[in-house]
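J.: Next one to model:
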Amino acid sequence: MWRPPLAPGLLWQSWLLCWLLGLLAARWPGPALCAGLCVLVADSRLWRLPRLLVGCAVALLGCVTAQALLPAFPVPPVLEQLYEERTPPRHWPVLEARVSDVRTLPEQRLRISLTDLHLQQPDGQPPAHLPGNLAWTWEQAAVFPLPGQTVRLQRKLLPVDTQRNFGLTDWGFWWHSHGTGWRIWSRGTDGQPAVDGAPSPFARQRLELIRKFLAVLLPGRDDLLPPAAASPSGLTAAAPPQLPAAAPSTPSAAPVPQGKAILLALLFGERFLLETSTVKAFNAGNLSHSLALSGQHLLVAGLAGMLLVWLAARMHPGLYLWRPRTVLIPLAACPAALGYLWLGNAPPSLLRAAGMLLLLATAMALAHLRCMPLPQTLRERLPSSGLDVLCCTLLCITVISPLSVFDTGLQLSALCVSVICCATPLMGQLLRRIPRTSPGQRLLRSLASILLVSFFIQLALLPLSLLLFNNSGLWFLLNVFWLPVLGTLVLPGAFLGLGLSLCGLGPAAALVLDVVALPCQWLVDGLLFLQTQGWLSVPPILRPHWTALPAMACLFLALALRAGRPGLPPAGKRLLICGLLLACVGPALRLHHSLVPRLELSVPDVGQARAVLLR
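T.: Residues are numbered from 1 along each chain as shown. As a prediction, this is how the structure comes out:
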């Protein structure tokens, strides 16, 4: 199929880039300024003084907004005194807080976000208020807290930015951008945790749904998920309810089949039953993105919308005379997408995908208005391509929550979608050599398209993957074998099993889930075998300089602009020159740094020990 060449972006999209780079400049001013100069060089429309001033003003507004919203977490005097006295955790004052969010981690761990933090003071003093939120990692949790409940705990509070290594990813800042300034770790009943209060009804219903699904997926394994915390009446702050001594859940003797644990992660985003070896194997095989809830999971919502439209058209054939099918299906898929946002606990990648679907459906519905036709100029400005919808979604998300631009999940999700949209003309040019006259050729074309998409994503995001995760992703070829099975068999079958279990058809649901869990188990076994043989291990690669990020973006955009055109357009030539220059800047700076004689003493954070590096 012929694909039109990549069209230049609209002017407001260049201003959107200025807004996003302005937000990022609050943390990384040098890289943001460099990327802004690349945008200025590529878009000749910004060379006019009024438009340039608008772009600078938007970038300045973004920088000021992010600086104003980034929280500061000074250590209160009560904590400074406890740190100076080196108070053991069992003698710390009781922390009282409210649960705002609960996420599950591999190896049956919970990560609980707490807000409204108060430390109880001795001698009848009023509780000391702590700024920001707290991240509580709870291993072998005694109960499953839910948002809205109150937690009392006696453990040592630590700042999230105590583990910092220069040159590596600053995850302390990542927590700060999410409003979290403190962290706590506990196991079982350590710290005498107490959970009470009425939880959010939506969170309670979601947990009940997960329990019903687990009862069908793993019958007889009620000990896998901690029980929900009861909400006793008549509680007082002086005598908080303590958890029973037998409450801590211990890992079951029988291991959980990882194929079925993957189904729980795919449907609900809950990685509670995954093992560390499984997660590491997925990361080494460059398949961890398939476990993240994203647009691929919303394809099931699209199938539900297609089925709903088909049933409505069977009952009322004149429906297609009212609106075309291409408009009705996205509109019908929106309720299912919103329901899946609740089911998946709304991670940033799924929020981006749902936002794109809602904006696309809205734009298509407005373009086909008949009772109130839109003017031609307004109709032309409606989102008409994947990049337009992505830009509108990012604009809405960052205006509502500007600090979400620092979320790694949202960054990777948006970059993957932008790479796919930019590489579509190039893939169409490469795939036109494969005809579509037979089913075998169509299957080969589909597999080749998956391979090209994976290759382009891995190529464009290679510097970022190395900087964030030190993962080169050399095994992206496995996506060709896993993604078709995931999209055509595993995900629809998992949703079908969930629907059958809700309808009371337990045996049928168990049969369906057992069948779709087989490919997941085969994949895990294959990845573990490759990892045991050492084939998934990659040689250590030097972490790139930050200039490699804008360099790769410029080179990839130049390649995308070349597809479908007889020659490289002027914007592509300018991007090519910028990319080549930036690709040489990083090695030159590192060479200069290594040639200058100096004596460096570094004290890296290695966890529970201390290390000193003299260079």
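J.: CA atoms for contacts and neighbours, from now on please.
T.: Noted.
J.: can you pull out the helices in the stretch 451-600 of the chain?
T.: 462-469, 478-485, 491-502, 506-532, 548-562, 570-595 (DSSP state H, counting those that start in this stretch).
J.: centre of the chain versus the helix or strand following the last one, how much separation?
T.: Which is helix 570-595. Of the helices and strands lying after helix 570-595 in sequence (DSSP states H and E), the nearest is strand 601-602. On the basis of Cα atoms, centre = their mean, to the nearest Å, strand 601-602 sits 34 Å off its chain's mean C-alpha point.
J.: Between the helices of the stretch 451-600 of the chain, which one is closest to A254.
T.: helix 506-532 (16.2 Å; Cα to Cα).
J.: and that closest one, what does it pack onto?
T.: Contacts defined by 3 or more Cα pairs under 8 Å, 6 or more residues apart in numbering; DSSP states H and E place helix 506-532 against helix 201-217, helix 258-268, helix 276-284, helix 491-502.
J.: could I get the longest one in CSV with only the CA atoms?
T.: As requested, the backbone C-alpha atoms of helix 201-217 are provided in CSV (Å, rounded to 0.1, in the frame of the first residue of the first chain):
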residue,chain,number,x,y,z
PRO,A,201,-15.6,2.2,46.4
PHE,A,202,-14.0,2.0,42.9
ALA,A,203,-10.8,0.6,44.4
ARG,A,204,-12.7,-1.9,46.5
GLN,A,205,-14.7,-3.1,43.5
ARG,A,206,-11.5,-3.4,41.4
LEU,A,207,-9.8,-5.6,44.1
GLU,A,208,-12.9,-7.8,44.3
LEU,A,209,-12.8,-8.2,40.6
ILE,A,210,-9.1,-9.2,40.7
ARG,A,211,-9.9,-11.8,43.4
LYS,A,212,-12.7,-13.3,41.3
PHE,A,213,-10.4,-13.5,38.4
LEU,A,214,-7.6,-15.2,40.5
ALA,A,215,-10.2,-17.7,41.9
VAL,A,216,-10.7,-18.9,38.3
LEU,A,217,-7.2,-18.5,37.1
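J.: quick one: buried residues of that helix?
T.: Neighbour-count burial for helix 201-217, counted by 16 or more other Cα atoms under 10 Å, picks out 203-204, 206-207, 209-217.
J.: with the residues you listed in mind, which one is nearest to L599?
T.: A203 (54.9 Å).
J.: my read: the closest one touches L146, true?
T.: Yes: using Cα atoms under 8 Å, A203 is in contact with L146, at 6.4 Å.
J.: Look at G181 and tell me its secondary structure.
T.: strand (DSSP: H, G, I helix; E, B strand; the rest coil).
J.: Tell me the spacing between it and W136.
T.: For G181, the distance to W136 equals 11 Å [Cα to Cα, to the nearest Å].
J.: between the two, who's got more neighbours?
T.: G181 (26 against 19; other Cα atoms under 10 Å).
J.: Next up, the contacts around the more buried one.
T.: By Cα atoms under 8 Å, 6 or more residues apart in numbering, G181 lies in contact with 73, 131-134, 159-161, 175.
J.: Show the model's pLDDT score for it.
T.: pLDDT, G181: 90.
J.: which one of the buried residues of helix 201-217 sits closest to V485?
T.: L217 (19.7 Å).
J.: Do I have it right that the closest one meets A510?
T.: Yes: counting by Cα under 8 Å, L217 does reach A510; the two are 6.1 Å apart.
J.: Quick one, grab the pLDDT at the residue lying closest to P227 once chain neighbours are set aside.
T.: Excluding the flanking residues, the one nearest P227 by Cα to Cα, 6 or more residues apart in numbering is V143, at 5.0 Å. V143 carries a pLDDT value of 90.
J.: burial count for V143?
T.: Neighbours of V143 (other Cα under 10 Å): 22.
J.: W15 now?
T.: Residues near W15, counting by other Cα under 10 Å: 21.
J.: sorry, back to before: right, and the helices and strands packed on helix 506-532 - which one's nearest H316?
T.: For the helices and strands packed on helix 506-532, proximity to H316 was assessed by Cα to Cα; helix 491-502 is nearest, at 26.2 Å.
J.: residue contacts, the residue nearest the centre of the chain?
T.: Residue closest to the average C-alpha location in the chain (Cα atoms, centre = their mean): G409, at 2.8 Å. Neighbouring residues of G409 by Cα under 8 Å, 6+ apart: 348-349.
J.: secondary structure class for L6?
T.: Going by three-state DSSP: L6 is coil.
J.: pretty sure it is in contact with V419, am I right?
T.: No: shown here, L6 and V419 do not form a contact pair, counting by Cα under 8 Å, at 11.8 Å.
J.: higher neighbour count, those two?
T.: V419 (22 against 19).
J.: which ones are touching that one?
T.: With Cα under 8 Å, 6+ apart, V419 has these contacts: 456-457, 460.
J.: rerun that using 10 Å as the cut-off
T.: Counting by Cα atoms under 10 Å, 6 or more residues apart in numbering, V419 touches 387, 453, 456-461, 553, 556-557, 560.
J.: Which of the helices and strands packed on helix 506-532 sits closest to L293?
T.: helix 258-268 (6.9 Å).
J.: Report all helices and strands that the closest one contacts.
T.: helix 201-217, helix 276-284, helix 325-343, helix 491-502, helix 506-532 (3 or more Cα pairs under 10 Å, 6 or more residues apart in numbering; DSSP states H and E).
J.: okay, those in a markdown table with distance to A265 next?
T.: Below are the helices and strands packed on helix 258-268 laid out as a markdown table (distance: least, Cα to Cα, whole Å):
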| stretch | distance to A265 |
| --- | --- |
| helix 201-217 | 11 |
| helix 276-284 | 11 |
| helix 325-343 | 11 |
| helix 491-502 | 11 |
| helix 506-532 | 11 |
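J.: I'd like those written out as a markdown table, with distance to I434 and mean pLDDT added.
T.: Below are the helices and strands packed on helix 258-268 laid out as a markdown table (distance: least, Cα to Cα, whole Å; pLDDT from 0 to 100):
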| stretch | distance to I434 | mean pLDDT |
| --- | --- | --- |
| helix 201-217 | 42 | 92 |
| helix 276-284 | 31 | 90 |
| helix 325-343 | 27 | 87 |
| helix 491-502 | 28 | 91 |
| helix 506-532 | 29 | 93 |
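J.: Past the helix or strand hosting A32, which element shows up next along the chain?
T.: In the assignment (DSSP H and E), A32 maps to helix 29-42. From helix 29-42 onward toward the C-terminus, using DSSP H and E, the following helix or strand is helix 49-69.
J.: Off-centre distance for stretch 450-466?
T.: Worked out by Cα atoms, centre = their mean, stretch 450-466 lies 17 Å from the chain centre.
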